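Asks: Provided below are the primary sequence and the corresponding predicted coordinates.
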Amino acid sequence: QMLKKEVQSRICSMSVFKCIAGSVFGGVIMKLMDSAAGIAAVRHCATNVVTVSLEALHLVEMVQVGDLVQVYSRIVYTSARSMEIEVLVSAERTFSRRTSATNMPQYGPKRFAAARGLFTFVSLSSEGKTKEIPPLTKEHKDYDAARFAEGKARYELRKKKRAEAVKRTSSQKNKE
């Protein structure tokens with residue numbers, strides 16, 4: 001399901017994006033997703049922002065050269081120092097030949113979900129230090145209580161894993 005928000009980016013995939021199999025490189029799609037997430041982050045923070053992690057990137061269906069690609073993004077969760085942004089990619093195969101339920105050929109656009117992912121961004125001060133992020137409140141156009149709760153759970157899990165990794169590293173150094 002595509003977001004009912006503003007399209008952040010639109011592009012017609014070109015031959016320069018083509019891999020040997022004839023489809024668009026997944027890295028090209030990932031870059032478009034990162035750019036759209038960055039736009040959402042900048043709009044929310046009004047500061048310089050950087051990507052710090054990418055989670056759950058799913059390339060759902062191959063994008064072919066000539067497909068029209070649309071990238072949507074929205075903030076789903078903010079903590080004091082980071083924000084999680086959901087990015088969805090859809091594509092339209094404008095010149096496709098499909099078969100209908102009655103086995104009759106149909107010509108025309110085929111729209112499909114191409115990719116989805118979760119990006120984590122931080123806001124930076126003019127000195128390059130992480131900066132507090134404005135909270136995502138119920139009044140914000142992107143606010144969705146269920147997605148916010150899911151984002152918070154993912155944030156808490158990542159935080160716990162980071163703490164465990166630091167603890168393991170510390171105990172390994174103490175053994176040396």
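Replies: Structure's in. What do you need?
Asks: now the strands for this protein?
Replies: Under the criterion DSSP state E, strands of the chain are mapped to 9-12, 48-59, 68-78, 83-99, 105-124, 130-131.
Asks: Dump those into a markdown table; add mean pLDDT and mean neighbour count as well.
Replies: Just so you know, the C-beta spots here come from the backbone N, C-alpha and C atoms, and that holds for glycine as well. Formatted as a markdown table, these follow (pLDDT from 0 to 100; neighbours: other Cβ atoms under 10 Å):
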| stretch | mean pLDDT | mean neighbour count |
| --- | --- | --- |
| strand 9-12 | 80 | 13 |
| strand 48-59 | 94 | 14 |
| strand 68-78 | 94 | 23 |
| strand 83-99 | 82 | 20 |
| strand 105-124 | 87 | 17 |
| strand 130-131 | 95 | 16 |
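Asks: Select, out of those strands, the one closest to residue 169.
Replies: Residue 169 sits nearest to strand 48-59 of all the strands of the chain, at 18.2 Å, using Cβ to Cβ.
Asks: centre of the chain versus the closest one, how much separation?
Replies: 6 Å (Cα atoms, centre = their mean, to the nearest Å).
Asks: still on that earlier bit, format the strands of the chain as TSV; extra columns: distance to residue 138.
Replies: Converted to TSV, the strands of the chain look like this (distance: least, Cβ to Cβ, whole Å):
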stretch	distance to residue 138
strand 9-12	27
strand 48-59	23
strand 68-78	13
strand 83-99	16
strand 105-124	21
strand 130-131	23
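Asks: And those strands: which comes nearest residue 157?
Replies: Among the strands of the chain, if distance is taken as Cβ to Cβ, the winner is strand 48-59, at 10.2 Å.
Asks: Tell me which residue is most central in the protein.
Replies: residue 87 (3.1 Å; Cα atoms, centre = their mean).
Asks: ok, back up a step: out of the strands of the chain, nearest to residue 175?
Replies: strand 48-59 (28.8 Å).
Asks: Select the longest helix from this protein.
Replies: Criterion DSSP state H: the longest helix present in the chain is helix 145-175.
Asks: what's the angle from that one to strand 105-124?
Replies: Here helix 145-175 runs at an angle of 50 degrees relative to strand 105-124 (axes from the mean of the first three to the mean of the last three Cα atoms, to 10 degrees).
Asks: helices and strands around helix 145-175, which ones?
Replies: strand 68-78, strand 83-99 (3 or more Cβ pairs under 8 Å, 6 or more residues apart in numbering; DSSP states H and E).
Asks: that older thread, among the strands of the chain, which comes closest to residue 173?
Replies: Among the strands of the chain, the nearest to residue 173 by Cβ to Cβ is strand 48-59 (24.2 Å).
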